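[1] the sequence isn't on hand, but the structure is:
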């Protein structure tokens, strides 16, 4: 085997699979964000587009990917660090780091308030929004790299489920501190971990993940009381059979996790999954980012259309900011730029 071929194999890690899956999904959805489902039925997204909702070029990602990349960079530099993650969120919002063009757009209100509070207090324990109305999808959209990191830590026997979920909750709470948002991120962690094994069908792996998550959350009174909000995902075959018209795709975290899992269950490739997510309309970039992260984990980097990856990579190369994740658990020699 050639040195180049061996290097290419080393690059194929869950970070590469999942993060490219997330960013591509996000970029596919950016030009049509806030469009209705009826509009998407009349003009479905089939390929990467530019402009549209925002005056940004093809392959541009939004706050979803920027905050996920900021989280990934903190993991590379410091491991699990709430303060360094928030510092990177500040660098994104204030200086345009982790963006494709140096400009921030499409920032959610809950994330904005949390970053503002952190800038004033430097207190990671109080900056996240705790009220029930702050259950948007802004922590779920960025939690993927933390989930991958913890999956590798578990593979090495360094942390159990209780410890991993606690970290996921703490990371969510930096911006979204209500138990519902934290639980959505926790369920996503179990989904990422099980899909990463790729030993079974999507339905089998997601059902195992949901069963593990529900079993975990049923042990505590506070989380058990919230499980009713997640009832539609408890049985994945039932979720799969829900008609598209009954799947919502707005910014509410429950809608987002339902839609992402529904797209995974009703498609059979990365491309089909993210296009299904985008063409649900409304919060197109975030739904596709959340679903795309899962699809990237399951199908792998090579399953993502080459043209779409090239559109994203061009945006990275335009910026002189590198995130080298070689030092993360589960080595990957890919660099973000």
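    Right, received. Where do you want to start? Note that the structure is predicted; figures quoted are calculated from it, not measured.
[2] shaky segments in the stretch 101-250 of the chain?
    Low-confidence segments of the stretch 101-250 of the chain (pLDDT under 70): none present.
[3] residue boundaries of the strands in it?
    With DSSP state E, counting those that start in this stretch, there are no strands along the stretch 101-250 of the chain.
[4] where do the helices sit along it?
    Along the stretch 101-250 of the chain, counting by DSSP state H, counting those that start in this stretch, helices occupy 109-121, 144-155, 161-173, 179-197, 202-217, 221-224, 236-240.
[5] is it possible to get CSV of the ones you listed that adds mean neighbour count and distance to residue 37?
    For the C-beta atoms, the positions are set from N, CA and C on the backbone; glycine is no exception. Output for these, formatted as CSV (neighbours: other C-beta atoms under 10 Å; distance: least, C-beta to C-beta, whole Å):
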stretch, mean neighbour count, distance to residue 37
helix 109-121, 17, 24
helix 144-155, 24, 25
helix 161-173, 20, 28
helix 179-197, 25, 22
helix 202-217, 19, 23
helix 221-224, 12, 32
helix 236-240, 16, 18
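[6] closest to residue 133 out of those helices?
    helix 109-121 (8.9 Å; C-beta to C-beta).
[7] that older thread, any chance of the helices of the stretch 101-250 of the chain in JSON lines, with distance to residue 299 too?
    Supplementary listing: those in JSON lines, determined by distance: least, C-beta to C-beta, whole Å:
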{"stretch": "helix 109-121", "distance to residue 299": "29"}
{"stretch": "helix 144-155", "distance to residue 299": "15"}
{"stretch": "helix 161-173", "distance to residue 299": "23"}
{"stretch": "helix 179-197", "distance to residue 299": "9"}
{"stretch": "helix 202-217", "distance to residue 299": "10"}
{"stretch": "helix 221-224", "distance to residue 299": "31"}
{"stretch": "helix 236-240", "distance to residue 299": "17"}
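[8] now for the ones you listed, which one comes closest to residue 61?
    Checking the helices of the stretch 101-250 of the chain against residue 61 by C-beta to C-beta gives helix 144-155 as the closest, at 13.2 Å.
[9] list of residues touching the closest one?
    Identification of contacts with helix 144-155 by C-beta atoms under 8 Å, 6 or more residues apart in numbering yields 14-15, 18-19, 22, 68, 71-72, 75, 80, 159-161, 164, 167-168, 171, 188-189, 192-193, 196, 293, 297, 328-330.
[10] and what of stretch 224-238?
    Residues outside stretch 224-238 that contact it (C-beta under 8 Å, 6+ apart): 179-180, 183-184, 187, 203, 206-207, 210, 214, 217-218, 239, 242, 254, 257-258, 261, 265.
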